[in-house]
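1. Below is the structure, and that's it, no one-letter string:
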């Protein structure tokens, strides 16, 4: 999905085939703010105008504009994951929050399209050359096979 960004707000970029327009809405706020345009090229400008209008309207109403991301959210995990994370935090001398921040950072920066294929040949006994193949995916699982 394509996202639009402006003044700390993110918005969607969608095509409404029924009405033959491009449209979107500001994400991650409870207030409903939408925008639309005749072409994808115009959608960014309409999104920016919608954000500006939202901010101006909030100011006129004396209302604090909602911020899309406060850095606070609830996470529901299985009890054993909660326990393991809490124990890891104690062992590492950090807070449980720091464990979650590190895990999310690792997840968000991990490349999922990396695959390594390693082929190693070495000569040993006079019986000849033995070849092993090891394949690793993004998950730390190694498979070693005696190919020859």
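-> It's in. Note that this is a predicted model, so its numbers are computed, not measured. Numbers count the residues shown, from 1 in each chain.
2. Go ahead and name everything in contact with stretch 95-103.
-> 75, 85, 86, 88, 89, 92 (C-beta atoms under 8 Å, 6 or more residues apart in numbering). All C-beta atoms are positioned from the backbone trio N, CA, C, and that covers glycine.
3. quick check: longest helix of this protein.
-> helix 40-61 (DSSP state H).
4. Give me the mean pLDDT for the helix or strand just after it.
-> Remark: after helix 40-61, the chain's next helix or strand is helix 79-92, criterion DSSP states H and E. Averaging pLDDT along helix 79-92 yields 92.
5. by contact count, what packs against the longest helix of the chain?
-> If you count contacts as 3 or more C-beta pairs under 8 Å, 6 or more residues apart in numbering; DSSP states H and E, helix 40-61 packs onto strand 3-6, strand 9-12, strand 21-25, strand 34-37.
6. Quick one: list the elements packing against the last one.
-> The criterion is 3+ C-beta pairs under 8 Å, 6+ apart, and the helices and strands that strand 34-37 contacts are strand 21-25, helix 40-61.
7. Going by neighbour count, which residues in that strand are buried?
-> Across strand 34-37, burial judged by 16 or more other C-beta atoms under 10 Å covers 35, 36, 37.
8. Break this protein down into its domains, please.
-> For the chain, automatic domain parsing gives the domain ranges 3-61, 79-109, 116-146.
9. What's the end-to-end length of the longest one?
-> Counting by C-alpha to C-alpha, to the nearest Å, the length from the leading to the trailing residue of domain 3-61 is 28 Å.
10. same thing with the second one?
-> Distance between the two ends of domain 79-109: 26 Å, counting by C-alpha to C-alpha.
11. Tell me, please, the helix or strand in the protein that averages the lowest pLDDT.
-> Lowest by mean pLDDT, DSSP states H and E among the helices and strands of the chain is strand 142-146, with a mean of 53.
12. rewinding a little: and the domains of the chain: which comes nearest residue 68?
-> Smallest distance to residue 68 across the domains of the chain (C-beta to C-beta): 3.8 Å, for domain 3-61.
13. avg pLDDT for the closest one?
-> When pLDDT is averaged over domain 3-61, the result is 95.
14. can you offset everything so residue one is 6?
-> Understood, numbering begins at 6; the last thing we discussed is domain 8-66.
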